[in-house]
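Colleague: What would the 3D arrangement of this be:
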Amino acid sequence: AAALALASKLEVGEGAAVEIAALKGAAGGEGVIASAVGMIPPTAEEGVPTVAELQVAFDQSYNVGRQAAMVPEGRAGLEGQLMGMVFAKLSVPPSPEAVPTSEEEGNVTDGVLSLARKYVQVGDLEKAVEQLNKLKGQAAYVMNDWKSKAADRVSTERALKVIKLECALLNKELV
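Modeller: This is a model prediction of the structure:
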């Protein structure tokens, strides 16, 4: 029952401090469920954004990330930021199928962001986070908050899968 209560809270993005504590108590200090509960990020006590919420939030982060990617090297001040905004508005993002792999082919950071966007749109947050881990500089900085929330959702979903599977196996043994 504690596992179901935890899953229902976390799946909708609600805080689950009470449910996490209850499941920790029920699972004891050892075993698969206790280990899986340990995989749940501390932010889950307050609530972890759902995939749908992260998809909506990514659009704004993506735009800011593109602007940061377009800031000319060595121009991090206000002038560079304004140039980045203009360049981001005037340039067309690369297609996820034709992402540049070197600066000679185009803006690699913009390509990474386009691939991450594709993965977010299909709900594959794990691959999106992998792509965002490749970012450097200002683009990495501005995407860090979204990436952290997405990584928390990925960890939460992994833990929930393990908990549900273990509960199903325990229930099967009882029958």
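Colleague: Confidence-wise, which helix or strand of the protein is lowest on average?
Modeller: helix 78-90 (a mean of 67; mean pLDDT, DSSP states H and E).
Colleague: Now residue 40, what are its backbone angles?
Modeller: The phi and psi values for residue 40, taken as degrees, to the nearest 10, are phi -70, psi 130.
Colleague: re earlier: check which element follows the least confident helix or strand of the chain along the chain.
Modeller: Sequence-wise, the next helix or strand downstream of helix 78-90 (DSSP states H and E) is helix 108-121.
Colleague: In the chain, which helix is the longest?
Modeller: helix 137-174 (DSSP state H).
Colleague: Which of the residues in that helix are classified as buried?
Modeller: 138-140, 142-143, 146-147, 149-157, 159-160, 162-163, 166-167 (16 or more other C-beta atoms under 10 Å). Any C-beta I mention is one placed from the backbone N, CA and C, and that applies to glycine too.
Colleague: Contacts for stretch 161-171 next, please.
Modeller: Contacts to stretch 161-171, defined as C-beta atoms under 8 Å, 6 or more residues apart in numbering, come from residues 3, 4, 6, 7, 23, 31, 32, 33, 35, 36, 37, 39.
Colleague: Does the fourth one touch residue 160 like I think?
Modeller: So that's residue 7. Yes. Contact criterion C-beta atoms under 8 Å: residue 7 and residue 160 qualify, at 5.4 Å.
Colleague: For this protein, give me the ranges with low pLDDT.
Modeller: 1, 71-72, 74-76, 79-81, 83-107, 175 (pLDDT under 70).
Colleague: Kindly recompute the last result at 50.
Modeller: 105-106 (pLDDT under 50).
Colleague: Look up how far residue 151 lies from residue 125.
Modeller: 8 Å (C-beta to C-beta, to the nearest Å).
Colleague: Check residue 117 too.
Modeller: Counting by C-beta to C-beta - residue 117 and residue 151 are separated by 17 Å.
Colleague: cool, and residue 42?
Modeller: On the measure of C-beta to C-beta, residue 42 and residue 151 end up 13 Å apart.
Colleague: Residue 57 too?
Modeller: 14 Å.
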